[in-house]
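**Student:** here is the input, now give the coordinates:
(3 chains)
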Amino acid sequence: MSNSLAITLKSSVVKKQLIGITGLLLCGFLVTHLLGNFLLFVGPEAFNKYGHALTSNPLIYLAEAGLLALFLGHMGLALKATLENKAARPQRYYMKTKTGRGSTIASSTMPYTGAILLAFIVFHLQGIKFGAVYNVTYDGVVMRDLYKLTFEKFASLPYAAFYVVSMIAMAIHVSHGFWSAFQSVGFWHNRYTDSIRKAAIGYAVFVGLGFSILPIYCFLTGAN
Amino acid sequence: MSEKKLDSKIPEGPIQEKWDNHKFSTKLINPANKRKYKILVVGTGLAGSSAAATLSELGYKVEAFCIQDSPRRAHSIAAQGGINAAKNYTNDGDSIWRLFYDTVKGGDYRAREANVYRLAQVSANIIDQCAAQGVPFARDYGGYLANRSFGGAQVSRTFYARGQTGQQLLLGAYSSLQKEVSKGKIKVHTRCELVDVVTVDGRARGIITRDIVSGEFQKHAADAVLLCTGGYGNVYYLSTNAMASNASAAWRAYKKGAYFANPCFTQIHPTCIPVHGDHQSKLTLMSESLRNDGRVWVPKNKDDTRKPQDIPEDERDYYLERIYPSFGNLVPRDVASRNAKAQVDLGKGVGETGVAVYLDFKDAIERDGKDAIEARYGNLFEMYQRITDDDPYVVPMRIYPAVHYTMGGLWVDYNLMTTVPGLFALGEANFSDHGANRLGASALMQGLADGYFVIPYTIGGFFAENTPDGLDENHPAFEEALNESKSIFEKLLSVNGTTPVDHFHRELGKIMWEYVGMGRDQEGLKKAIEEIPQLRKKFWSDVKIPGEGNQINVELEKAARVADFLELGELMARDALDRNESCGGHFREESQTPENEALRNDEDYCHVSAWEFKGVDNSPEKHKEELNFEYVKLSQRSYK
Amino acid sequence: MSNNNMNLNLKIWRQPKKSAPGKMVDYKVSDISPDMSFLEMLDVLNIQLVEKGEDPVVFDHDCREGICGMCSLMINGQAHGPEDRTTTCQLHMRKFRDGDTIVVEPWRAKAFPVLKDLMVDRTAFDEIISAGGFISVNTGNAPDANAIPISKENADLSMDAAACIGCGACVASCKNASAMLFVSAKVSQFSLLPQGKVESSERAVNMVNKMDELGFGNCTNEAECEASCPKGISISNIARMNREYTVGSITGK
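**Tutor:** From the prediction side, this is the model:
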């Protein structure tokens, strides 16, 4: 790798662009994940068959590897940026007040909401993907009964509550991240930038609510 | 007084051909040899930055010095209105000749014709150069440059970048400077102040500087020294100059043999925000363009304490409109300023202090609507409100004149060289092309003309006859000058008195404003010449400067500058006393027409007074440069 | 003087020199007129200190009319104090109340080391400009200024960006001490003009790389810089610079 390429890849601009682009791709993943989740409302069979179709496709390993790379890239670069940012101001202010005209709760808490999401993902994978295996058979095919597992998990109030809290954190995180990615790649237009900001809020509300409904629904209906 | 003649080195020939002839006859330096010459540029305003960048582009070795943390902060940055150029883009009859004529007349016939003509000639190149550097001048919808009229001119020749023209031009020159820095061809010394000029066999060979952060004194040798250090308006303490603007570089040069020309020529700008209290540190200018729509008035009755809104129309005196029916509120700066003072002296001043007049936009708002006025002056109204907390859309502005620019400065010949060979002065630091009064939007033009288009040619002529001789900082003259400089600072620190520097500066300002301000008379000037040395003596026995010299010591820096102002102020008073005529910004009460207008005396004073230093406590010696007006006929200005 | 005058408590950062540690020190000033500027209030404090033979508080300032960019100061945790679009020198004491405690600190960033008290070293900004913040034109090369028409819209946008005074409030207010707003203002000013377009991407790359090298932080698009900027420079300039950088780093040598 030539020296100038190394500088370019390490530059603050490219770093932010990569964080933005990986973030946007992860946003795309969230939508597909959420749409899949909504099959839960259709019924156990639809939900389990969908899960089985996904996991039995050999391409899933490629997709999972890609997803993992996106996560690791996004987190790694964000961690690096955060550490550099701390180093850029070695001596803290005695008093620092926000202007109230710039940063938002979302923008100023990105590293924290990001950390919550990381914890959540570990917990989520461990509990569901690598969680208890129940089997069910449809049309002679044995597959995981993820429907049962989901209801079982969300029967616990703390478990469901943790999910909801994490999903609120996620909504906050993407409400800034979504539009910020456009800014980082250099998209700014008087006509569209305002719409992107609004779209970011809309998107955040959609995924935030969408992912929160599931644990709430499961908790309420499963407990009965 | 000596009648010794100063050689201004004005080239031969008709005025239109002088500059071209001179450029052709001036010897050139081979490009390969240019790098053997070193030039020190002191000050990085318009003149300094443009000169440093251009000379470096030509191949000379350049070092630049500024007292701020960056060259970009020089006070040229604060110029608001614009820059004149004889482009005639507006097709309204402008020409080099007209700009030349207006400038000589506006300067009340106390400028050198040949210099002014050259200034008008290169003015158009300045705009081209700045546009190429990326200065975002105002443009019209077709994409071409916009112009506006300014300062009494009858043509629209002023180019502008919103109300921040000085800032944009300076940033353009600064970016050129940084371009050369990036090539390693200029070294910039920031937070570094000139404390002495070093001469060897009568020729300037370098400077001594003090690093403001470390307090260290340094020697710099060179083949030529350019002083681009601005004017000396801060001698009045309160002025529109920046806090650090000072006369020290020019003054130390004066003490090393450079003559100081027309020191009494100061410009007092009529539309400034008035002084509000004892702790005020500086005055803020409001663009002169406000007088296009604002009407100036005072109450007819003395000591009228009513609110301006409560004073009925027939009890107001729109004195400029009354006295000057044809020019009205648009009389030149010096006339407007003097009349404001006259009203205040009559006891008709307004505001809490009684030292202000009203500038009222009520009629303009009724005529054109608030929106139109806001579009024209919105940023100025905002600035006024921020400072005074009054809303000028509702309450008339209070304004009063303030010291703004100094036309006087180091005497230079046509090549911009002072009477010390190898020492040049550019921009406001020289006695300049503005005579006794500068027209609006001409200061930026002169600074950049000197730096971009004059000095790069004329310095070659000097170098052709003064080839590099290997002299460096090891020459004993440098050690001597350094020790002398050190001893001045040590002396200041050793006084250990009881009174802070600012007190002396403020006292000096009061004397200057009272006796060497807008109206001057023999009695007052004599008083000033008596009081300033007394104050100086008190300063040297009672000034208090805490701390040491080997670190950042703001009080010490200020003290060194005030010490120089305390000498310069006296010279200004002497020059004002000597010039027993009124011209431009210099108004002698003894010399006025029956209608109280400035009365020139061309018989006895059609000359530049250049003063030679003869010791701090001795009278300086006056030398005359006679001014010949071959192309613009001498006449009395009238604005009735 | 009016009887609206105030007595104030000040908490000011004092640091004798670059290498020495500093601390917050309490001072009192009295009889402060609401018409004074913030810096004139500090002048009053300094006269008090000098009369007592103490070292006055060092702070940068020069034009005192909001254009030179020399003044700085974090006032009660905000760059240039609480008033929108106002430099410290144009901030007036009428924004404060009798008895207030005002905290005054220097800009803090690794790239802006404190020289003394409230004075910081901003030469990093000059270094960034000399990395590419210019148009490579020598004196004398220029064609007639009207030879290249520039749309009014672009000229105005360029001027919006060019209004930057280089004070460093963007860095000071940014939680990451990033200089993106400053750099992008210069990149934008030139990239919007045909004269500057020629070397626009190369300029963005060189200036950003220099900024990174000097230890400024990364931009996280929070816009505190825009909110604190006394000249209201928009973060749309940062987007424009990001674009120029991308083009430059892909197409550059």
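**Student:** isn't there a strand covering B:Ser609?
**Tutor:** Yes - under DSSP: H, G, I helix; E, B strand; the rest coil, B:Ser609 falls within a strand.
**Student:** tell me the pLDDT at it?
**Tutor:** Listed pLDDT for B:Ser609 reads 98.
**Student:** count of neighbours near it?
**Tutor:** Close neighbours of B:Ser609, defined as other Cβ atoms under 10 Å in any protein chain shown, add up to 25. All C-beta atoms are positioned from the backbone trio N, CA, C, and that covers glycine.
**Student:** that one: what's it in contact with?
**Tutor:** Counting by Cβ atoms under 8 Å, 6 or more residues apart in numbering or on different chains, B:Ser609 makes contact with B:Ala261, B:Asn262, B:Asp575, B:Asp578, B:Arg579, B:Lys622, B:His623, B:Lys624.
**Student:** would you confirm that B:Val357 contacts B:Ala342?
**Tutor:** No - between B:Val357 and B:Ala342 there is no contact, the gap being 10.2 Å when judged by Cβ atoms under 8 Å.
**Student:** so which of the contacts of B:Ser609 belong to strands?
**Tutor:** B:Ala261, B:Lys622, B:His623, B:Lys624 (DSSP state E).
**Student:** pLDDT added to these, as CSV?
**Tutor:** Compiled in CSV, the ones in strands among the contacts of B:Ser609 are given as follows (pLDDT from 0 to 100):
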residue, pLDDT
B:Ala261, 98
B:Lys622, 97
B:His623, 97
B:Lys624, 96
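**Student:** how about these in CSV, adding distance to C:Arg85 and neighbour count?
**Tutor:** Putting the ones in strands among the contacts of B:Ser609 into CSV (distance: Cβ to Cβ, whole Å; neighbours: other Cβ atoms under 10 Å in any protein chain shown) gives the following:
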residue, distance to C:Arg85, neighbour count
B:Ala261, 42, 26
B:Lys622, 51, 18
B:His623, 51, 21
B:Lys624, 52, 17
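**Student:** start to end distance for stretch C:10-18?
**Tutor:** For stretch C:10-18, the first-to-last residue distance is 22 Å (Cα to Cα, to the nearest Å).
**Student:** typo on my end, it should be stretch A:50-62
**Tutor:** Termini of stretch A:50-62 sit 18 Å apart (Cα to Cα).
**Student:** ditto for stretch B:323-330
**Tutor:** Distance between the two ends of stretch B:323-330: 12 Å, counting by Cα to Cα.
**Student:** mind listing what's buried in that stretch?
**Tutor:** Judged by neighbour count (16 or more other Cβ atoms under 10 Å in any protein chain shown), stretch B:323-330 contains these buried residues: B:Ile323, B:Tyr324, B:Phe327, B:Gly328, B:Asn329, B:Leu330.
**Student:** ok, and does stretch B:17-26 reach over to chain C?
**Tutor:** No - judged by Cβ under 8 Å from any Cβ of the partner chain, stretch B:17-26 makes no contact with chain C; its nearest approach is 12.3 Å.
**Student:** mind listing what's buried in that stretch?
**Tutor:** Quick answer for stretch B:17-26 (16+ other Cβ under 10 Å): B:Lys18, B:Trp19, B:His22, B:Lys23, B:Thr26.
**Student:** swap in stretch A:6-17?
**Tutor:** For stretch A:6-17, a neighbour-count test (16+ other Cβ under 10 Å) marks A:Ile7, A:Thr8, A:Ser11, A:Ser12, A:Val13, A:Val14, A:Lys15, A:Lys16, A:Gln17 as buried.
**Student:** looking at those residues, spot the one nearest chain B.
**Tutor:** A:Ile7 (17.4 Å; Cβ to the nearest Cβ).
**Student:** I figured that closest one hits C:Met211, correct?
**Tutor:** No - between A:Ile7 and C:Met211 there is no contact under Cβ under 8 Å: 11.9 Å.
**Student:** what's next to stretch B:492-499, contact-wise?
**Tutor:** B:538, B:540-545, B:548-549, B:556, B:559-560, B:563, C:51.
**Student:** just the buried residues of these.
**Tutor:** B:Lys538, B:Val543, B:Lys544, B:Ile545, B:Gly549, B:Leu556, B:Ala559, B:Ala560, B:Ala563.
**Student:** closest to chain C among those?
**Tutor:** Out of those, the member with the shortest distance to chain C (by Cβ to the nearest Cβ) is B:Lys544, at 6.2 Å.
**Student:** out of B:Val357 and B:Ala342, which sits in the busier spot?
**Tutor:** More neighbours surround B:Val357 than the other of B:Val357 and B:Ala342, with 31 against 15 (other Cβ under 10 Å).
**Student:** how close does that one get to B:Arg291?
**Tutor:** Distance of B:Val357 to B:Arg291, given as Cβ to Cβ, to the nearest Å: 12 Å.
**Student:** can you check A:Val14 too?
**Tutor:** A:Val14 is 54 Å from B:Arg291, where distance means Cβ to Cβ.
**Student:** what do you get for B:Gly134?
**Tutor:** Counting by Cβ to Cβ, the gap from B:Gly134 to B:Arg291 is 32 Å.
**Student:** neighbour count winner among those two?
**Tutor:** B:Gly134 (26 against 23).
**Student:** wait, doesn't B:Arg252 sit right on B:Glu193?
**Tutor:** No - in this structure B:Arg252 lies outside contact range of B:Glu193 using Cβ under 8 Å: 10.5 Å.
**Student:** go through the contacts of stretch B:492-499 and flag which are in strands.
**Tutor:** Among the contacts of stretch B:492-499, the ones falling in strands (DSSP E) are B:Val543, B:Lys544.
**Student:** now, which of the contacts of stretch B:492-499 lie close to chain A?
**Tutor:** By Cβ under 8 Å from any Cβ, no member of those lies near chain A.
**Student:** which two in the contacts of stretch B:492-499 are spaced the farthest apart?
**Tutor:** Maximum pairwise distance in these, criterion Cβ to Cβ, is 23.8 Å, between B:Lys538 and B:Glu548.
**Student:** and the closest residue to C:Val50 other than its chain neighbours, what does it touch?
**Tutor:** Spatially, and ignoring its direct neighbours in sequence, C:Val50 is nearest to B:Pro500 (4.5 Å; Cβ to Cβ, 6 or more residues apart in numbering or on different chains). The neighbourhood of B:Pro500, defined by Cβ under 8 Å, 6+ apart, consists of B:Val543, B:Lys544, B:Glu555, C:Ile47, C:Val50, C:Glu51.
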